[in-house]
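Engineer: Sharing a model that was predicted from the sequence below.
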Amino acid sequence: MSSITVAIAGGTGNLGYKIVQALLSDQLRPRFRELVVLARNESEKTASLASKGATIRLYSEGNLKSALEGVNVLINTVGATGHHFKEQLLRALPQSSVKLYFPSEFGVDHYVHDFAHDEWDAKKNHIRLAEELIPEIRVCRVFPGLFLEDSVGPWFGFHTKLNKYEAVGSPDEPTSYTSMHDVGRALAALAVLPPGEVPEKVHLAGGTKSVAEIARIMEQASEDQKPIEVTTLDLHPYKANLLANPEPMPEKYLRFLMGEGLINHTAVGEMFDKGIRMIAWGKDLVSTALGKAASFEVSIVWAATILVLPLLENVQKAKDMNDSGFIYVTGTLKYYLALEPELQKSHGSCSQELIEAAEESIIALYKAILSFQLRSALRFNRRKLKNKLRDAVDYDGWETMLQSVKDAEKLFAERWRPLQRTASEDYLRQLKEETVANLEVTNSIMLEISTEFQNHTKSTREMAATLQRLESRALSLEEQEHLQVLRPQNASQDLSYESAKERTEDRVPGTCKWLLEEEKYQDWLRKAHGLLMVSADPGCGKSVLAKHLIDERLLEDANDATICYFFFKEDDQDRLCLALCALLHQLLSQKPSLIKRHLAHEHAKNGNSLQNNTTILWRILEASLRDSDTGPVIIVLDGLDECRQADFQVLARSVNHLLAVEKHSHATTRWLFTTRPYQSITNMIVASCIRVYGEEKSTTIRQEVKIVIQHRVRDPKLQRIIPQRLLSRLEERLLSVENPTYLWAALTFRFVETSHFKKTIKGLEDAIENLPRSINDAYSKILSRTDETLQPLIRKAFTIVLGAAVPLTIAEMNVAMNLDEGVNNLNNLDMEDEQTFKRSLRQITGLFIITHNDRVYFLHQTVGGGE
């Protein structure tokens, strides 16, 4: 059992209760030492959860510290009306043992739109407060889109009873829906990871459908197959009217976000005609159910039928369904739904108690059958992940659930036997024959549906990456010990390869095409092995490109390859041994069979000194890449120009040798390097490689910088500073600058965001006249408007950061800034607390100095070099 203790705040609410139930399942509960539910009062729900193994802790705002005692992971599911309590909870975290915090997001990603709303603004404020109060605690925001359980209703324009659906914008725009139970599963997968490996933002997509697609599904499933009329409202007037006349509830805002495609977390897959056939065959299940009075089982049958199509769309093999018993369960449902009305006609002489007991048994049977179907839909939707990972999400005990269906059948038969005397034997025989025939039809359909989806979505990629990290967590203690030697041992420095990548900005859509649409890139992808060398001038977004390739594009373009990476960063990530350790850690975590063959012996022989032995590390990497079990590998090294010169020479010689040998072998490793176009770098790689000269694509890069400018102008943060009527003028002037670079754009927007000018046309024009025209001009202008009284402090801060051998922690920077001549005792320093100092440093140094993972950096590492 894991040593992790998880607490859920709001665990008796609608979402929280379902998440707790998921975490308490037999498959997920063993992952945690203790599952704590924080509740204000005892209730039937707390009693139920306690009976299933949860620990109930009653809390008030005055005892939050004790309520959180021993908790490692906190999941906050407190609803929209509990913002005050959320803040109190957040303020209690710095004194707790919590290392990973999931704030109460669990909805749409409200960072993608540009308007204010009280509920979403409160969530943004909560995150800003978290950044200030708990910088040492990992915060992961989870966005599942719309909840599957309560989104297909009139409040979103789905008037099923009236056969009318109304979309805001295009009815073909897809929207992602995720069940609350699946949110619980995702949180379970994330909670067991080391906090540093948990992404800061996760998008989930249980299923993605447009209004038009849902209408087609409902038409096929309805009793009379009447067409559903799909109408549209013009998106822009609808949005403008709502923004001009705000409403407190978010539903209407969500409708135009659906129309804008901003709740689409996944690519929509093709629909199979055979899946439609399955729906057409199954429609009489609903017809039979609707012949009864409205009841719980009718609604659940309807929900199950809606989910049949997503189930069929995502299935990989018909054999999987046969093995899981899906066909048996589907046929069973049809049989009993058809049988029930006949039985109801014949029990007039039976006692009411017997009738009620019999009705309870068939309801229990329906629940067992439909629980099986719904979980099947969820399971097979996840089969888009690699086969080796599917057991990690296979939390349902299929054999147990199938047995539950059969047990419920047995109980039903016993209780209904006295009521069957007048039922026609011929009718029962006919039902059995139809059921067998329908099972054969179903089986035939299933066997034909074997096409696997190729459109891996961003949310699926995020979950795949998470599951790959989970796989490494499942290694033996010995294997984990061997892998640990590849991690930096200095706890006071964050030298992880993940941190270096996460410091890099995300790609703006429409950029990086100067490489992604380059034919040479496609040629490199088609090769089994080889090197792609990408060079570009400073400030042209090479690291942003590398991050996009690693996190997204290569997962699509080369989804069979293991991707390993390292970002060289001047001062703290510039050593080759760090790069080799990072590459090996990633490769061996995903290919654990290589640990014993290539790492274990060297670790036992050299101990922890192995992590600084470049020669041995390269030998292990080379042997691992040649191992027949490794398969295709892509290695991305970003910023070769920031690697120490002596180390780069070793790297160049090693890569040249390896590529020369691979030329005459069946190698499966592809390398991708990015660098500035320095001949001292590019001339060192003498092996045959594909070169992409970004410095020759200045026109394309300039156009992409303009896309970034257009994107930043629409940033809600900037729109809160500058009125909408002035932004178009600002955009026009920024786009007129010749030879812009990404770095210039970043500096310019920081200049605008921190400038104080009158919010009029003339005030804007005056500010525009002072906008920097180049990188050097940006630095000069920012410095020139600094308060003269702060100049000595700024010079001191710059000197300290420039002179530091490695990036300093905030605490170290605090001490350094307060040291003066004659001070011989640190206890005599007049220092602010760290959080206050951090804010002061940011205010004093303006744009130049930033903090990341508790360390102090220049905004751009070339400040010292004048670029």
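Structural biologist: Nice, thanks for sending it over. Only a predicted model underlies this, so the values are computations on that prediction, with no experimental measurement involved.
Engineer: CA only for contacts and neighbour counts going forward, please
Structural biologist: Fine.
Engineer: domains for this protein, by residue range?
Structural biologist: Per automatic domain parsing, the structural domains of the chain span 5-259, 273-448, 476-694, 700-784, 788-858.
Engineer: got the ones you listed as TSV, with mean pLDDT and mean neighbour count columns?
Structural biologist: Formatted as TSV, these follow (pLDDT from 0 to 100; neighbours: other Cα atoms under 10 Å):
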stretch	mean pLDDT	mean neighbour count
domain 5-259	86	18
domain 273-448	48	17
domain 476-694	88	18
domain 700-784	77	17
domain 788-858	79	15
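Engineer: Adding distance to His265, write those out as JSON lines.
Structural biologist: JSON lines is the format used below for the domains of the chain (distance: least, Cα to Cα, whole Å):
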{"stretch": "domain 5-259", "distance to His265": "6"}
{"stretch": "domain 273-448", "distance to His265": "14"}
{"stretch": "domain 476-694", "distance to His265": "13"}
{"stretch": "domain 700-784", "distance to His265": "20"}
{"stretch": "domain 788-858", "distance to His265": "28"}
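Engineer: Closest to the centroid, which residue in the protein?
Structural biologist: Val202 (2.2 Å; Cα atoms, centre = their mean).
Engineer: who's it bridged to?
Structural biologist: Val202 has the following beta-bridge partners by DSSP bridges: Val142.
Engineer: is it true that it touches Val139?
Structural biologist: No. In terms of Cα atoms under 8 Å, Val202 does not count as a neighbour of Val139; the distance is 11.0 Å.
Engineer: and the gap between Asn656 and Gly530?
Structural biologist: Distance of Asn656 to Gly530, computed by Cα to Cα, to the nearest Å: 11 Å.
Engineer: no no, Tyr742
Structural biologist: 29 Å.
Engineer: Assign a three-state SS to Leu587, would you?
Structural biologist: Following DSSP: H, G, I helix; E, B strand; the rest coil, Leu587 is assigned to helix.
Engineer: can you pull the contacts of it?
Structural biologist: Thr562, Ile563, Cys564 (Cα atoms under 8 Å, 6 or more residues apart in numbering).
Engineer: The first one against Val633, yeah?
Structural biologist: Looking back up the chat, that one is Thr562. Yes. With contact defined as Cα under 8 Å, Thr562 reaches Val633; the gap is 4.7 Å.
Engineer: So which residues of the stretch 751-867 of the chain form helices?
Structural biologist: Secondary structure of the stretch 751-867 of the chain, counting by DSSP state H, counting those that start in this stretch: helices at 761-769, 775-784, 791-803, 810-818, 834-845.
Engineer: I'd like those helices written out as TSV, with distance to Ser151 added.
Structural biologist: Below are the helices of the stretch 751-867 of the chain laid out as TSV (distance: least, Cα to Cα, whole Å):
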stretch	distance to Ser151
helix 761-769	44
helix 775-784	49
helix 791-803	52
helix 810-818	46
helix 834-845	42
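Engineer: nearest to Leu146, of those?
Structural biologist: helix 834-845 (36.5 Å; Cα to Cα).
Engineer: Check which helices and strands that closest one sits against.
Structural biologist: helix 791-803, helix 810-818, strand 849-852 (3 or more Cα pairs under 8 Å, 6 or more residues apart in numbering; DSSP states H and E).
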